[in-house]
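Participant: Got a predicted model here, sequence first, then my questions.
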Amino acid sequence: MLIRRLVLSPEVPWERQRSRMAAALMTTHIPRSVTRRRTDIAGVPAEVLSCNDGRDTATLVHLHGGGFAVGSPLLARAWSAALCKRLGITVILPDYRLAPEHPFPAARQDATAVIDHVLGTRPSARVAVSGDSAGANLVLGDAVARAEATTDLPAAMVLLSPWLDLTDDRLGDPDLVARDPMMSPEWLAACATAYAPGRWSDPEVSPLLGPLGGLPPLLVQGGSDDVLAPDAARLVAALGDAGDVTYSVAAGLWHDFSLQIGTLAAADDALDVTIEHLTVHLALDAR
């Protein structure tokens, strides 16, 4: 894919990666029934999607991917708008600080501030959190910290193509690397260095390396040809029978495929699985 060569490449400066990704996503459309606005939540810039018909059944906070160094709410706008339309939920997309200008723990702090605000203004039974790729790392890390502190947790969680262990040598599976059309181990290593140099084994940076108990009902989605697929499998195995977890793997598909709503049938199918998960655990009615 061109995105691997022209955007997600360690040979391309971070600012150019960001601008090229934004340009590629600027044509993203949202349904006319959904309103988009920019605001600040707990001091963090954010994009908020809501229904024009006044429905506000629940709130979902979604953390975008991009290796902690690129990306923006644009990445998950189409996916979020589809959930907003189908479920009547409000979706908050924090535009958290990026590395290397703002290394760990800046992104975690921003994620926690927004989730704190939402949980402080809405019953936890009507709050869900989700994230894709690096955003899934931030979501899981925040949930683990809340579980350990025995504070309020969201009612449901969704992780898409999660990147959960920055210590893992992605070159260790050459066959998987060859099958992945989007992500390269070299780019992931550059992102890890930019985000948390010298701290990869810290469970706050790599939540797969720490305790995982007490999590909300969890849906994990990914593609079998994603170089990060082992992280999802390891998380599900680590939770075992102790957690309420659903694992959905699409054969032959790549990193973050589930965000390609309206252009990829498998993404639309994956969205239906997400809708079912949120409908059950937030007690909603899907349309």
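Facilitator: Arrived safely, thanks for sending.

Participant: Look up how far Met21 lies from Leu160.
Facilitator: Taking CB to CB, to the nearest Å as the measure, Leu160 falls 17 Å from Met21. Every residue, glycine included, has its C-beta placed from N, CA and C.

Participant: Quick check on the two: which one has the bigger neighbour count.
Facilitator: Neighbours were counted for Leu160 and for Met21 using other CB atoms under 10 Å; Leu160 has more, 29 against 20.

Participant: what sits opposite the more buried one in the beta ladder?
Facilitator: According to DSSP bridges, the residues that bridge with Leu160 are Asp132, Gln221.

Participant: For the chain, give me the ranges with low pLDDT.
Facilitator: Of all residues in the chain, those with pLDDT under 70 make up the ranges 1-2, 286-287.

Participant: Okay, strands next: where are they in it?
Facilitator: Counting by DSSP state E, the chain has these strands, from start to end: 34-41, 44-51, 59-63, 90-94, 127-132, 156-160, 218-223, 245-250.

Participant: mind putting the ones you listed in CSV, distance to Ala196 included?
Facilitator: Formatted as CSV, the strands of the chain follow (distance: least, CB to CB, whole Å):
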stretch, distance to Ala196
strand 34-41, 24
strand 44-51, 19
strand 59-63, 16
strand 90-94, 19
strand 127-132, 17
strand 156-160, 19
strand 218-223, 22
strand 245-250, 26
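
Participant: Figure out which of these is closest to Gly120.
Facilitator: Closest of the strands of the chain to Gly120 is strand 127-132, at 10.1 Å (criterion: CB to CB).

Participant: Regarding the protein, what is its longest helix?
Facilitator: Longest helix of the chain, by residue count under DSSP state H: helix 265-282.

Participant: then it to CSV, C-alphas only?
Facilitator: Extracted as CSV, the C-alpha positions of helix 265-282 are listed here (Å, rounded to 0.1, in the frame of the first residue of the first chain):
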residue,chain,number,x,y,z
ALA,A,265,-17.5,-5.1,3.4
ALA,A,266,-15.5,-6.7,6.2
ALA,A,267,-15.3,-3.3,7.9
ASP,A,268,-19.1,-3.0,7.7
ASP,A,269,-19.4,-6.5,9.2
ALA,A,270,-17.0,-5.7,12.0
LEU,A,271,-19.1,-2.6,12.7
ASP,A,272,-22.1,-4.8,13.2
VAL,A,273,-20.2,-6.7,15.8
THR,A,274,-19.2,-3.5,17.6
ILE,A,275,-22.8,-2.3,17.5
GLU,A,276,-24.0,-5.6,19.1
HIS,A,277,-21.3,-5.3,21.8
LEU,A,278,-22.3,-1.7,22.7
THR,A,279,-26.0,-2.4,22.4
VAL,A,280,-25.8,-5.2,25.0
HIS,A,281,-23.5,-3.5,27.5
LEU,A,282,-24.9,0.0,27.2
